[in-house]
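Undergrad: quick one, structure for this:
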Amino acid sequence: MDSDRELRRQRREKHKEQQTLKKQELKSQKDIEMLNKIKERDSKIRGIQRQRDELIKMRIKNKTAQHGDVNDANDVKHKQLRRETVGERLQHNYKEMEHERRTELDHDNDVDGAVGLTVGLKTDDYHGNDYESDMDSIDEELSWLTKKMEETFQIHADSEDRIFKEGVRCSTETLTPSECHECEHDHKSDIDEITNDEDDDEKALKAEIKAMKLQQMKLKEELHLKEKAKRFKEQELLKKTRRKQKEERIRKLKRTKQELQEDIMETRSTITSLDEALEY
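TA: Here you go, the predicted model:
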(Lines give C-alpha, C1' and ligand atoms only; values in the text may rest on other atoms or scores of the structure.)
Protein backbone atom coordinates (compact mmCIF):
# COMPACT_ATOMS: atom_id res chain seq x y z
CA MET A 1 0.00 0.00 0.00
CA ASP A 2 2.84 2.38 0.74
CA SER A 3 4.33 1.64 -2.65
CA ASP A 4 1.01 2.42 -4.37
CA ARG A 5 0.71 5.64 -2.46
CA GLU A 6 4.26 6.62 -3.44
CA LEU A 7 3.60 5.83 -7.09
CA ARG A 8 0.45 7.94 -7.04
CA ARG A 9 2.35 10.82 -5.45
CA GLN A 10 5.09 10.56 -8.07
CA ARG A 11 2.52 10.51 -10.86
CA ARG A 12 0.83 13.61 -9.45
CA GLU A 13 4.12 15.47 -9.22
CA LYS A 14 5.07 14.43 -12.73
CA HIS A 15 1.69 15.56 -14.01
CA LYS A 16 2.10 18.92 -12.28
CA GLU A 17 5.54 19.36 -13.81
CA GLN A 18 4.15 18.59 -17.27
CA GLN A 19 1.35 21.09 -16.79
CA THR A 20 3.82 23.73 -15.61
CA LEU A 21 6.07 23.14 -18.62
CA LYS A 22 3.12 23.39 -20.99
CA LYS A 23 2.05 26.67 -19.40
CA GLN A 24 5.55 28.08 -19.70
CA GLU A 25 5.78 27.03 -23.35
CA LEU A 26 2.42 28.58 -24.13
CA LYS A 27 3.38 31.80 -22.34
CA SER A 28 6.73 31.99 -24.18
CA GLN A 29 5.05 31.38 -27.52
CA LYS A 30 2.43 34.01 -26.75
CA ASP A 31 5.10 36.55 -25.76
CA ILE A 32 7.05 35.89 -28.96
CA GLU A 33 3.92 36.34 -31.09
CA MET A 34 3.07 39.58 -29.29
CA LEU A 35 6.64 40.87 -29.75
CA ASN A 36 6.54 40.05 -33.48
CA LYS A 37 3.23 41.86 -33.85
CA ILE A 38 4.61 44.93 -32.07
CA LYS A 39 7.72 44.94 -34.28
CA GLU A 40 5.61 44.60 -37.42
CA ARG A 41 3.33 47.44 -36.30
CA ASP A 42 6.29 49.70 -35.48
CA SER A 43 7.86 48.94 -38.85
CA LYS A 44 4.65 49.92 -40.65
CA ILE A 45 4.39 53.14 -38.65
CA ARG A 46 8.00 54.06 -39.45
CA GLY A 47 7.38 53.35 -43.14
CA ILE A 48 4.32 55.60 -43.16
CA GLN A 49 6.29 58.32 -41.33
CA ARG A 50 9.13 58.13 -43.88
CA GLN A 51 6.71 58.34 -46.80
CA ARG A 52 4.99 61.31 -45.19
CA ASP A 53 8.30 63.12 -44.57
CA GLU A 54 9.46 62.49 -48.14
CA LEU A 55 6.15 63.75 -49.52
CA ILE A 56 6.33 66.93 -47.43
CA LYS A 57 9.94 67.54 -48.50
CA MET A 58 9.04 67.07 -52.17
CA ARG A 59 6.09 69.44 -51.92
CA ILE A 60 8.10 72.08 -50.07
CA LYS A 61 10.91 71.73 -52.61
CA ASN A 62 8.50 72.11 -55.53
CA LYS A 63 6.74 75.07 -53.92
CA THR A 64 10.07 76.69 -53.09
CA ALA A 65 11.27 76.24 -56.66
CA GLN A 66 8.04 77.68 -58.05
CA HIS A 67 8.16 80.52 -55.54
CA GLY A 68 11.80 81.19 -56.47
CA ASP A 69 10.92 81.36 -60.17
CA VAL A 70 8.08 83.77 -59.40
CA ASN A 71 10.37 85.88 -57.22
CA ASP A 72 13.08 85.95 -59.91
CA ALA A 73 10.58 87.09 -62.52
CA ASN A 74 9.13 89.68 -60.16
CA ASP A 75 12.62 90.89 -59.21
CA VAL A 76 13.51 91.43 -62.87
CA LYS A 77 10.23 93.22 -63.50
CA HIS A 78 10.45 95.32 -60.33
CA LYS A 79 14.11 96.15 -60.93
CA GLN A 80 13.32 97.43 -64.43
CA LEU A 81 10.37 99.43 -63.10
CA ARG A 82 12.55 100.87 -60.34
CA ARG A 83 15.25 101.84 -62.84
CA GLU A 84 12.75 103.58 -65.09
CA THR A 85 10.92 105.26 -62.20
CA VAL A 86 14.07 106.42 -60.41
CA GLY A 87 15.55 107.65 -63.69
CA GLU A 88 12.44 109.65 -64.51
CA ARG A 89 12.32 111.07 -60.98
CA LEU A 90 15.98 112.10 -61.04
CA GLN A 91 15.63 113.64 -64.48
CA HIS A 92 12.59 115.58 -63.33
CA ASN A 93 14.40 116.74 -60.17
CA TYR A 94 17.42 117.69 -62.25
CA LYS A 95 15.29 119.81 -64.60
CA GLU A 96 13.56 121.53 -61.66
CA MET A 97 16.88 122.27 -59.97
CA GLU A 98 18.38 123.56 -63.22
CA HIS A 99 15.35 125.76 -63.81
CA GLU A 100 15.49 127.13 -60.24
CA ARG A 101 19.20 127.85 -60.50
CA ARG A 102 18.82 129.62 -63.86
CA THR A 103 15.89 131.61 -62.47
CA GLU A 104 17.83 132.58 -59.35
CA LEU A 105 20.91 133.36 -61.44
CA ASP A 106 18.96 135.63 -63.76
CA HIS A 107 17.31 137.30 -60.80
CA ASP A 108 20.61 137.82 -58.97
CA ASN A 109 22.29 139.16 -62.12
CA ASP A 110 19.50 141.67 -62.53
CA VAL A 111 19.86 142.83 -58.93
CA ASP A 112 23.56 142.81 -58.13
CA GLY A 113 25.23 140.41 -60.60
CA ALA A 114 25.69 137.74 -57.93
CA VAL A 115 25.52 134.03 -58.70
CA GLY A 116 22.78 131.85 -57.17
CA LEU A 117 23.10 128.74 -55.03
CA THR A 118 25.89 126.33 -55.81
CA VAL A 119 26.19 122.59 -55.36
CA GLY A 120 29.44 121.04 -54.18
CA LEU A 121 31.38 124.38 -54.49
CA LYS A 122 31.84 127.31 -52.14
CA THR A 123 29.75 130.41 -52.88
CA ASP A 124 32.84 132.62 -52.58
CA ASP A 125 34.19 131.15 -55.84
CA TYR A 126 31.26 132.60 -57.80
CA HIS A 127 31.27 136.25 -56.75
CA GLY A 128 31.93 138.51 -59.73
CA ASN A 129 30.32 140.72 -62.37
CA ASP A 130 31.68 139.03 -65.48
CA TYR A 131 28.85 137.31 -67.37
CA GLU A 132 31.13 134.82 -69.16
CA SER A 133 32.79 133.85 -65.90
CA ASP A 134 29.41 133.29 -64.31
CA MET A 135 28.26 131.10 -67.22
CA ASP A 136 31.46 129.01 -66.99
CA SER A 137 30.83 128.52 -63.31
CA ILE A 138 27.25 127.50 -64.00
CA ASP A 139 28.41 124.99 -66.62
CA GLU A 140 30.87 123.55 -64.11
CA GLU A 141 28.17 123.35 -61.50
CA LEU A 142 25.72 121.64 -63.85
CA SER A 143 28.41 119.21 -64.98
CA TRP A 144 29.17 118.32 -61.37
CA LEU A 145 25.45 117.96 -60.59
CA THR A 146 24.92 115.70 -63.60
CA LYS A 147 27.81 113.47 -62.55
CA LYS A 148 26.51 113.22 -58.99
CA MET A 149 23.01 112.38 -60.23
CA GLU A 150 24.35 109.64 -62.48
CA GLU A 151 26.36 108.17 -59.60
CA THR A 152 23.36 108.38 -57.29
CA PHE A 153 21.14 106.72 -59.89
CA GLN A 154 23.63 103.89 -60.44
CA ILE A 155 24.10 103.28 -56.71
CA HIS A 156 20.37 103.34 -56.13
CA ALA A 157 19.54 101.02 -59.03
CA ASP A 158 22.32 98.47 -58.43
CA SER A 159 22.15 98.29 -54.63
CA GLU A 160 21.13 94.69 -53.90
CA ASP A 161 20.18 95.50 -50.33
CA ARG A 162 17.84 98.26 -51.47
CA ILE A 163 16.42 96.08 -54.26
CA PHE A 164 15.82 93.28 -51.76
CA LYS A 165 14.20 95.57 -49.20
CA GLU A 166 12.04 97.30 -51.78
CA GLY A 167 11.12 93.96 -53.32
CA VAL A 168 10.07 92.59 -49.94
CA ARG A 169 8.22 95.80 -49.06
CA CYS A 170 6.72 95.97 -52.54
CA SER A 171 7.27 99.73 -52.37
CA THR A 172 4.50 101.93 -53.70
CA GLU A 173 7.11 104.42 -54.89
CA THR A 174 8.23 102.06 -57.67
CA LEU A 175 5.03 100.03 -58.21
CA THR A 176 1.45 100.93 -58.81
CA PRO A 177 -1.05 100.03 -56.07
CA SER A 178 -2.50 97.20 -58.19
CA GLU A 179 0.97 95.74 -58.85
CA CYS A 180 1.83 96.02 -55.17
CA HIS A 181 -1.39 94.26 -54.17
CA GLU A 182 -0.79 91.55 -56.79
CA CYS A 183 2.77 91.00 -55.51
CA GLU A 184 1.60 90.67 -51.90
CA HIS A 185 -1.29 88.44 -52.91
CA ASP A 186 0.96 86.08 -54.93
CA HIS A 187 3.48 85.86 -52.10
CA LYS A 188 0.76 85.20 -49.53
CA SER A 189 -0.93 82.64 -51.81
CA ASP A 190 2.31 80.69 -52.19
CA ILE A 191 2.89 80.65 -48.44
CA ASP A 192 -0.75 79.72 -47.74
CA GLU A 193 -0.61 76.91 -50.28
CA ILE A 194 2.53 75.43 -48.71
CA THR A 195 1.03 75.82 -45.22
CA ASN A 196 -2.27 74.24 -46.31
CA ASP A 197 -0.45 71.28 -47.85
CA GLU A 198 1.49 70.78 -44.63
CA ASP A 199 -1.73 71.11 -42.58
CA ASP A 200 -3.49 68.55 -44.81
CA ASP A 201 -0.59 66.11 -44.48
CA GLU A 202 -0.49 66.61 -40.72
CA LYS A 203 -4.26 66.09 -40.39
CA ALA A 204 -4.13 62.95 -42.55
CA LEU A 205 -1.25 61.52 -40.53
CA LYS A 206 -2.99 62.31 -37.24
CA ALA A 207 -6.16 60.59 -38.51
CA GLU A 208 -4.15 57.51 -39.54
CA ILE A 209 -2.37 57.40 -36.18
CA LYS A 210 -5.71 57.75 -34.35
CA ALA A 211 -7.21 54.90 -36.40
CA MET A 212 -4.16 52.74 -35.74
CA LYS A 213 -4.37 53.46 -32.00
CA LEU A 214 -8.04 52.45 -31.98
CA GLN A 215 -7.18 49.29 -33.88
CA GLN A 216 -4.37 48.58 -31.41
CA MET A 217 -6.75 49.05 -28.46
CA LYS A 218 -9.27 46.66 -30.04
CA LEU A 219 -6.57 44.06 -30.68
CA LYS A 220 -5.30 44.35 -27.11
CA GLU A 221 -8.85 43.98 -25.76
CA GLU A 222 -9.43 40.96 -27.98
CA LEU A 223 -6.11 39.47 -26.86
CA HIS A 224 -7.05 40.05 -23.22
CA LEU A 225 -10.39 38.29 -23.70
CA LYS A 226 -8.72 35.37 -25.48
CA GLU A 227 -6.17 34.99 -22.70
CA LYS A 228 -8.92 35.17 -20.10
CA ALA A 229 -10.93 32.49 -21.92
CA LYS A 230 -7.83 30.34 -22.20
CA ARG A 231 -7.10 30.65 -18.49
CA PHE A 232 -10.72 29.79 -17.69
CA LYS A 233 -10.53 26.71 -19.89
CA GLU A 234 -7.28 25.62 -18.28
CA GLN A 235 -8.79 26.09 -14.83
CA GLU A 236 -11.82 24.00 -15.82
CA LEU A 237 -9.57 21.25 -17.14
CA LEU A 238 -7.54 21.38 -13.95
CA LYS A 239 -10.69 21.16 -11.81
CA LYS A 240 -11.94 18.24 -13.87
CA THR A 241 -8.62 16.46 -13.48
CA ARG A 242 -8.62 17.08 -9.76
CA ARG A 243 -12.19 15.75 -9.44
CA LYS A 244 -11.20 12.59 -11.26
CA GLN A 245 -8.16 12.19 -9.06
CA LYS A 246 -10.26 12.74 -5.96
CA GLU A 247 -12.86 10.21 -7.11
CA GLU A 248 -10.08 7.74 -7.77
CA ARG A 249 -8.65 8.29 -4.31
CA ILE A 250 -12.09 7.86 -2.72
CA ARG A 251 -12.67 4.62 -4.63
CA LYS A 252 -9.33 3.32 -3.45
CA LEU A 253 -10.08 4.32 0.12
CA LYS A 254 -13.48 2.66 -0.03
CA ARG A 255 -11.92 -0.47 -1.45
CA THR A 256 -9.29 -0.44 1.28
CA LYS A 257 -12.00 0.07 3.89
CA GLN A 258 -14.02 -2.79 2.48
CA GLU A 259 -10.98 -5.03 2.48
CA LEU A 260 -10.28 -4.12 6.10
CA GLN A 261 -13.89 -4.78 7.08
CA GLU A 262 -13.79 -8.15 5.38
CA ASP A 263 -10.49 -8.92 7.06
CA ILE A 264 -11.90 -7.90 10.44
CA MET A 265 -15.00 -10.02 9.93
CA GLU A 266 -12.90 -12.94 8.85
CA THR A 267 -10.65 -12.52 11.88
CA ARG A 268 -13.65 -12.35 14.20
CA SER A 269 -15.13 -15.43 12.61
CA THR A 270 -11.86 -17.25 13.12
CA ILE A 271 -11.74 -16.15 16.76
CA THR A 272 -15.33 -17.33 17.29
CA SER A 273 -14.53 -20.70 15.76
CA LEU A 274 -11.51 -21.07 18.01
CA ASP A 275 -13.57 -20.15 21.07
CA GLU A 276 -16.16 -22.79 20.21
CA ALA A 277 -13.45 -25.38 19.70
CA LEU A 278 -11.93 -24.58 23.06
CA GLU A 279 -15.28 -24.98 24.80
CA TYR A 280 -15.62 -28.53 23.63
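Undergrad: can you name the element that comes right after the worst-scoring helix or strand of the chain on mean pLDDT?
TA: Of all the helices and strands that make up the chain, helix 160-169 has the lowest average by mean pLDDT, DSSP states H and E, namely a mean of 47. Going down the chain from helix 160-169, the next helix or strand is helix 177-279, by DSSP states H and E.
Undergrad: would you mind measuring from Lys228 to Gln258?
TA: The spacing between Lys228 and Gln258, counted by CB to CB, to the nearest Å, is 45 Å. From N, CA and C alone the C-beta is placed, and that goes for glycine too.
Undergrad: same question for Lys63.
TA: Here Lys63 is placed at a distance of 97 Å from Gln258 (CB to CB).
Undergrad: those two: who's more crowded?
TA: For Lys63 versus Gln258, neighbours defined as other CB atoms under 10 Å are more numerous around Lys63 (17 against 10).
Undergrad: any idea of the pLDDT on the more buried one?
TA: On pLDDT, Lys63 comes in at 72.
Undergrad: how about Arg251?
TA: At Arg251, pLDDT is 92.
Undergrad: same check, this time on His185
TA: 55.
Undergrad: His92 now?
TA: Note on His92: pLDDT of 61.
Undergrad: same thing with Gly120?
TA: If you check Gly120, the pLDDT there is 41.
Undergrad: could you do the one 4 residues further on as well?
TA: Note for Asp124: predicted pLDDT of 42.
Undergrad: then the one 4 residues further on?
TA: Gly128 is assigned a predicted lDDT (pLDDT) of 44.
Undergrad: repeat for Lys239
TA: Lys239 carries a pLDDT value of 90.
Undergrad: Phe232 versus that one, what's the distance?
TA: Between Lys239 and Phe232 the distance is 11 Å, computed by CB to CB.
Undergrad: and for Ile264?
TA: Relative to Phe232, Ile264 is positioned 47 Å away (CB to CB).
Undergrad: what of Leu35?
TA: 25 Å.
Undergrad: and for Lys213?
TA: Separation of Lys213 from Phe232 (CB to CB) stands at 29 Å.
Undergrad: Ile38 - how many residues pack around it?
TA: Around Ile38 there are 11 residues (other CB under 10 Å).
Undergrad: then Glu234?
TA: By the criterion of other CB under 10 Å, Glu234 has 14 neighbours.
Undergrad: now do the contacts for it.
TA: By CB atoms under 8 Å, 6 or more residues apart in numbering, the contact set of Glu234 is Lys23.
Undergrad: where does it land on pLDDT?
TA: The predicted structure scores Glu234 at 90 on the pLDDT scale.
Undergrad: now do it against Thr20, distance only.
TA: To Thr20, Glu234 is 12 Å away according to CB to CB.
Undergrad: now Thr64
TA: For Thr64, the distance to Thr20 equals 65 Å [CB to CB].
Undergrad: and if you look at Glu266?
TA: Glu266 is 46 Å from Thr20, where distance means CB to CB.
Undergrad: from Thr270, how far off is Ala277?
TA: Ala277 is 11 Å from Thr270, where distance means CB to CB.
Undergrad: typo on my end, Arg11
TA: From Arg11 across to Thr270, the span is 37 Å (CB to CB).
Undergrad: tell me the contacts of Glu248?
TA: Taking CB under 8 Å, 6+ apart, we find Glu248 in contact with no residue.
Undergrad: redo that, cut-off 10 Å
TA: Arg8 (CB atoms under 10 Å, 6 or more residues apart in numbering).
Undergrad: number the residues from 565 up from this point.
TA: In the new numbering, first residue 565, that becomes Glu812.
Undergrad: thanks a lot, see you next time.
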